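# Next one to model:
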Amino acid sequence: PDEERFKDAEKLALNCQACGVTSDFAGVFYTTKEGVLTCGLRCTNETCERPVFWGQNSHFECMAKISNSMQQLIHRRMKEYYVNKTRCDDPACGLVTCQCSVAGNICLARGCTGKMHSLVSE
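Got it, this is the predicted structure:
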């Protein structure tokens, strides 16, 4: 199932312009825990004065906001991926570095026998 497959993925969060609350964007339409199909183009804050279109004036502005937020999330995640930081799996060491060893995935710290693993998964 997708919930299990993407459990570690960063979710798209949107900030309502009307009330300032930041919430996860579940999609244009989503099913609630009660099984009700709900429009995702609304602020999830129940006390929001303008919940429609996340506080934006029109659906065009709302879709532009969602598109821009999605682009920012993609760029941020791609940047983290290409920085290629790795961490040693030995709890006593815990070295975090962008360097890679010519001898495989061994730790670069002198005397450490741990293995280096990427901080960002594919």
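
# which strands and helices sit next to the top helix by length along the chain?
Ranked by residue count, the top helix of the chain under DSSP state H comes out as helix 59-83. Applying 3 or more Cβ pairs under 8 Å, 6 or more residues apart in numbering; DSSP states H and E, one finds that helix 59-83 contacts strand 13-15. To be clear about C-beta, it is placed using only N, CA and C from the backbone, and glycine gets the same treatment.

# Give me the buried positions along the strand it packs on.
residue 14 (16 or more other Cβ atoms under 10 Å).

# re earlier: right, and the helix or strand after the longest helix of the chain?
Next helix or strand after helix 59-83 toward the C-terminus (DSSP states H and E): strand 86-88.

# so after that following strand, what's the next helix or strand?
Reading on from strand 86-88 to the C-terminus, the next helix or strand found by DSSP H and E is strand 96-97.

# Parallel or antiparallel, which strands does that following strand pair with?
strand 86-88 (antiparallel) (DSSP bridges).
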